[in-house]
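Visitor: Dropping a prediction and its sequence here:
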Amino acid sequence: MKITQISVFLENKAGQFAEVASILAEADINIRAISLADRSDFGVLRIIVNENQKAAAALKSNGFSVTQTDVVAVAVSDRPGGLHHILAKLDQANLNVEYIYAFVRQRLDKAVMIFKFEDNDLALDLLKSNNIAVLSEKELHAL
């Protein structure tokens, strides 16, 4: 089960992130997970939101460059070694993790990590065959 992530390319200058947040707030979009990576000239804001198409349209109409990417949400045991357990399985299968960030949730027994794999489909098969919980977009938004 893949979920949709929105990536927004931002100029690396003051106010860009605030403008994105304002646009999403005005469009009544709820940000569920977020990651911001910067380079010298630009940043890449990655977000999981409650309404992908509406968010992308609002951002594009305000001049932002937006792409949508499939990622995988994985429930990770919230204990020492929980993430390592999953990464070790991926490493054994020689599956590359392109990036990862966390999804904040209220229950304490599991953490949710958002993964972008070099091959999402292969990673999904591996995760499922190892009984590692993968969340659907509906399940993720319900948290």
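Guide: Here it is on my side, so go on.

Visitor: pLDDT weak spots in this structure?
Guide: Counting by pLDDT under 70, the chain has low-confidence residues at 104-108.

Visitor: Centroid-nearest residue for it?
Guide: residue 114 (4.5 Å; CA atoms, centre = their mean).

Visitor: element containing that one, please.
Guide: Take DSSP states H and E as the rule and residue 114 turns out to sit in strand 110-117.

Visitor: which outside residues touch that strand?
Guide: With contacts defined as CB atoms under 8 Å, 6 or more residues apart in numbering, strand 110-117 is touched by 3, 5, 33, 35, 46, 48, 69, 71-78, 82-83, 86, 90, 95-103, 105, 123, 133, 135, 140, 143. Every residue, glycine included, has its C-beta placed from N, CA and C.

Visitor: thinking again about what came up before, report the beta-bridge partner residues of the residue nearest to the centre of the chain.
Guide: Counting by DSSP bridges, residue 114 is bridged to residue 73, residue 101.

Visitor: Would you map the helices across the protein?
Guide: 16-26, 52-61, 82-92, 120-129, 137-142 (DSSP state H).

Visitor: closest to residue 41 out of the ones you listed?
Guide: helix 16-26 (11.8 Å; CB to CB).

Visitor: what inclination does the closest one have with respect to helix 52-61?
Guide: 130 degrees (axes from the mean of the first three to the mean of the last three CA atoms, to 10 degrees).

Visitor: Give me the number of neighbouring residues for residue 33.
Guide: Residues lying near residue 33 (other CB atoms under 10 Å) number 21.

Visitor: quick revisit: relative orientation of the strand holding residue 114 and helix 82-92 in degrees?
Guide: 30 degrees.

Visitor: just how off-centre is strand 110-117 within its chain?
Guide: Distance, stretch centre to chain centre, for strand 110-117: 7 Å (CA atoms, centre = their mean, to the nearest Å).

Visitor: going forward, begin numbering at 441 instead of 1
Guide: Got it, the first residue is 441 from now on, which makes the last one we talked about strand 550-557.

Visitor: tally of neighbours for residue 557?
Guide: Residue 557 - counted by other CB under 10 Å - has 22 other residues nearby.

Visitor: re earlier: and residue 482, which of the helices of the chain is closest to it?
Guide: helix 456-466 (9.2 Å).
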